[in-house]
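Asks: Fold the following and give me the result.
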Amino acid sequence: MSSVDSDPFFSLSNSSSTWNACIGPQGEETNYIEGYIEAALLLCETLMANWLLMQRDTLAMPILYNGRHAIELILKYTAKNLSRLNLAREYSTLNHDILAIWQHLHEANVPDKEIRQCLCKLEIYVKSMAQIDNDGQEFRYAETRDGQQSLQNNPILDIENVKNHLIVIKEIIKKILSRLNDLEDEIRTGIYTNRASRKDLLEIAEILGNQSTWNDADFINKKQSIMENFGLSSRAFSAAVNKIKSSRDLSVLIGTEGRFIHLLNEDIHRFIGEWHIWHPNHRETPGLGNSITVSQIDVASFIERAQITYLICERTASWLTSEKMADLHALFDIGRSNLFMDLYDARVASAMREYNSTSSVLEGIRYLLEKTNLLSCLQNSCRKLGKFALADELT
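Replies: Next up is the predicted model:
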């Protein structure tokens, strides 16, 4: 019998796997953060729901410690990930001083409005915990390191009040984790400045509106409001506007219609026309020449279907170059997965490596023709590029 099999905590029972938890290599770092705040809340809620009055005093410290540790973990996790994304300096001090970690993040003036707001909301809780227990000792031990009574100036704890604030902290943690996850994806697009994240730029673009209105008297008020709300200098505001103009996604919000890289609008119409022939039930369309009708396609045998497919692919390949094929494939992928349009160029470049021969183009044509969602995906991509008229025309 191995040591694990005989371990009182880490051995597995032979009865059921229902309560087997994933930890260690099967766990996530965020499990620690979410786990400690949930544990604190569950203790409060269980205590109050079951009127466990005799356990108020004994559970008070586990509640406070779990809450404090959740704050410490979310601050350290935020510092580590912002540093990894080059949005803040590394915090390398190994201690439990939550006020020092919070001050490090606050002084970093992170270029993301939501992260800054979340940190500001945590300030009151960090300072409350830090002034009583600056290193996580007094919530764990009855005596301090110098032999003094822990919490000697705090004789009463309102569990209900603590619970209400733990709910707020949990929500702040949830927002920070979600925002850090989104930042990871946003940064890959390259659409951000040293003072504004992509999400900030999106909000700024929505406030600015169409470029045709930027000469209006109200534009000065919009500019001033943006600078105040996002903490931007005049130069940082100009950098934000220039980055918005350079973005395939965000420039649409200020009235710019984007361009395809290799395709023309007529190419999209032409390919969708062939797609309708391949999917006759989607809409009534003329047949393939005079000899094949929609009704005949419906009842065609497998061999006849293969012949139709061959004719469509050969006819399409006569005008759809490898560059246009790569463009079309990229648009389909972006529309299907609802990706950022700012990834368009990279997606086309990647697809170009696939379509480097006539045979590969034929394979790509068949691949897209078979997609029943091709139309809706291309419409989605067209709208992302600001080609709203074309999206509406594609039916």
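Asks: helix or strand right after the helix or strand bottoming out on mean pLDDT in the chain?
Replies: Within the chain, no helix or strand scores below helix 294-299, which has a mean of 48 by mean pLDDT, DSSP states H and E. Next in sequence after helix 294-299, counting helices and strands by DSSP states H and E, comes helix 302-317.
Asks: Name the next helix or strand downstream of that next one, please.
Replies: Scanning forward in sequence from helix 302-317 by DSSP H and E, the next helix or strand is helix 322-337.
Asks: Go through that following helix and flag the buried ones.
Replies: 322-336 (16 or more other Cβ atoms under 10 Å). In short, each C-beta sits where N, CA and C put it, glycine included.
Asks: which stretches of the stretch 51-200 of the chain form helices?
Replies: Taking DSSP state H, counting those that start in this stretch, the helices of the stretch 51-200 of the chain run over residues 56-84, 98-108, 113-132, 159-187, 198-208.
Asks: between those helices, which one is nearest to Val241?
Replies: Taking Cβ to Cβ, helix 198-208 is the member of the helices of the stretch 51-200 of the chain nearest to Val241, at 7.4 Å.
Asks: Against which helices or strands is the closest one packed?
Replies: helix 113-132, helix 159-187, helix 218-230, helix 234-246 (3 or more Cβ pairs under 8 Å, 6 or more residues apart in numbering; DSSP states H and E).
Asks: Enumerate the positions of it that are buried.
Replies: By neighbour count with 16+ other Cβ under 10 Å, helix 198-208 contains the buried residues 198-205, 208.
Asks: Quick one: mean pLDDT over that helix.
Replies: When pLDDT is averaged along helix 198-208, the result is 98.
Asks: for stretch 333-352, same thing?
Replies: pLDDT averaged over stretch 333-352 gives 96.
Asks: Outside of it itself, list whatever touches it.
Replies: If you take Cβ atoms under 8 Å, 6 or more residues apart in numbering as the criterion, stretch 333-352 is touched by 185-186, 188-191, 247-249, 252, 258, 261-262, 322-323, 325-327, 329-331, 373, 376-381, 384-385.
Asks: quick one: which of the buried residues of helix 198-208 is nearest to Gly27?
Replies: The nearest one, if we look at the buried residues of helix 198-208 relative to Gly27 and count by Cβ to Cβ, is Lys199, at 28.9 Å.
Asks: doesn't Asp185 make contact with the closest one?
Replies: No - checked against Cβ atoms under 8 Å, the pair Lys199 and Asp185 is beyond contact range at 10.7 Å.
Asks: tell me how far stretch 133-152 is from the chain's mean position?
Replies: For stretch 133-152, the separation from the chain centroid amounts to 40 Å (computed by Cα atoms, centre = their mean, to the nearest Å).
Asks: need the contact list for the closest residue to Gly364 other than its chain neighbours.
Replies: Spatial nearest neighbour of Gly364, chain neighbours left out: Met325 (4.9 Å); criterion: Cβ to Cβ, 6 or more residues apart in numbering. If you count contacts by Cβ under 8 Å, 6+ apart, Met325 has them with 351, 355, 361, 364-365.
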